[in-house]
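Participant: fold the following, please.
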Amino acid sequence: MGKIILCRGKKADTPLTVLQTGVKLYTAEELCYYIYNNIYIITNDFVSDELIHFLRYETKDVPLAGRVEELRRNNAGLAMILVTILKSVDYYSVSEIDEISGMLSTLDSQNSYERLRSRADTYLDRKNYYKAIDCYRQIIKEYTKEASGAFMAGVHHNLGVAYARMFLYEDA
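Facilitator: Down below sits the predicted model:
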């Protein structure tokens with residue numbers, strides 16, 4: 001069973017719409033929940049002017065918006081920016097933030113095709129088959145020579161699973 005967490009911050013009049021998924025976020029707590037549960041599909045373009053505007057003007061968290069803007073200006077890593085947001089909002093416990101920090105550091109150490117595979121697998125798990133297929137195809141097109149045979153076998157397998165779940169058996 002889950003727990004109820006009271007949103008203490010201001011609810012936005014205009015939500016932040018995440019381009020990759022179309023999700024609309026109205027509070028800083030929703031932003032943290034989105035980050036925590038979509039860590040593999042978040043890319044550097046997530047930290048945008050729109051995100052900073054949302055933090056500054058919609059949730060009225062001017063200090064956090066300033067920190068995120070400064071980190072982005074100083075080319076801080078995505079992991080550092082996301083952890084800064086998570087710590088500032090106080091939605092997750094320290095142990096949960098440490099867990100996600102570990103995942104983020106793992107992502108920073110992965111090759112680009114491994115990160116893309118993690119993103120594709122997340123799309124597949126969330127039944128977003130079209131985006132999963134696009135990611136798997138990109139891996140096959142761009143990284144077949146770099147990646148190991150076992151890695152590519154897993155990519156082809158999951159591509160087939162995505163097609164099968166869409167009832168495209170010939171493609172699978």
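Participant: ok, R137 touching L159?
Facilitator: Yes. Look at R137 against L159 with Cβ atoms under 8 Å: they come within range, at 7.2 Å. To be clear about C-beta, it is placed using only N, CA and C from the backbone, and glycine gets the same treatment.
Participant: CA atoms of the helix or strand where E29 lies as PDB?
Facilitator: Element membership for E29, per DSSP states H and E: helix 28-37. The C-alpha trace of helix 28-37 is given here as PDB (Å, rounded to 0.1, in the frame of the first residue of the first chain):
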ATOM      1  CA  ALA A  28       7.100  20.600  -7.300                       C
ATOM      2  CA  GLU A  29       6.100  17.300  -5.600                       C
ATOM      3  CA  GLU A  30       4.700  16.000  -8.900                       C
ATOM      4  CA  LEU A  31       8.000  17.100 -10.500                       C
ATOM      5  CA  CYS A  32      10.000  15.000  -8.000                       C
ATOM      6  CA  TYR A  33       7.700  12.000  -8.500                       C
ATOM      7  CA  TYR A  34       8.100  12.300 -12.200                       C
ATOM      8  CA  ILE A  35      11.900  12.500 -11.900                       C
ATOM      9  CA  TYR A  36      12.100   9.600  -9.500                       C
ATOM     10  CA  ASN A  37       9.900   7.300 -11.600                       C
END
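Participant: dump the lowest-mean-pLDDT helix or strand in the chain to CSV, restricted to CA.
Facilitator: Every helix and strand of the chain was ranked by mean pLDDT, DSSP states H and E. The lowest is helix 94-109, at a mean of 79. Extracted in CSV, the C-alpha atoms of helix 94-109 (Å, rounded to 0.1, in the frame of the first residue of the first chain):
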residue,chain,number,x,y,z
VAL,A,94,17.4,10.8,2.2
SER,A,95,17.7,7.1,1.5
GLU,A,96,15.5,7.3,-1.5
ILE,A,97,17.5,10.2,-2.9
ASP,A,98,20.7,8.3,-2.3
GLU,A,99,19.2,5.3,-4.2
ILE,A,100,18.4,7.5,-7.2
SER,A,101,21.8,9.2,-7.0
GLY,A,102,23.3,5.7,-7.3
MET,A,103,21.2,5.1,-10.4
LEU,A,104,22.2,8.4,-11.9
SER,A,105,25.9,7.8,-11.3
THR,A,106,25.5,4.4,-13.0
LEU,A,107,23.9,6.2,-16.0
ASP,A,108,26.8,8.7,-16.1
SER,A,109,29.2,5.8,-16.4
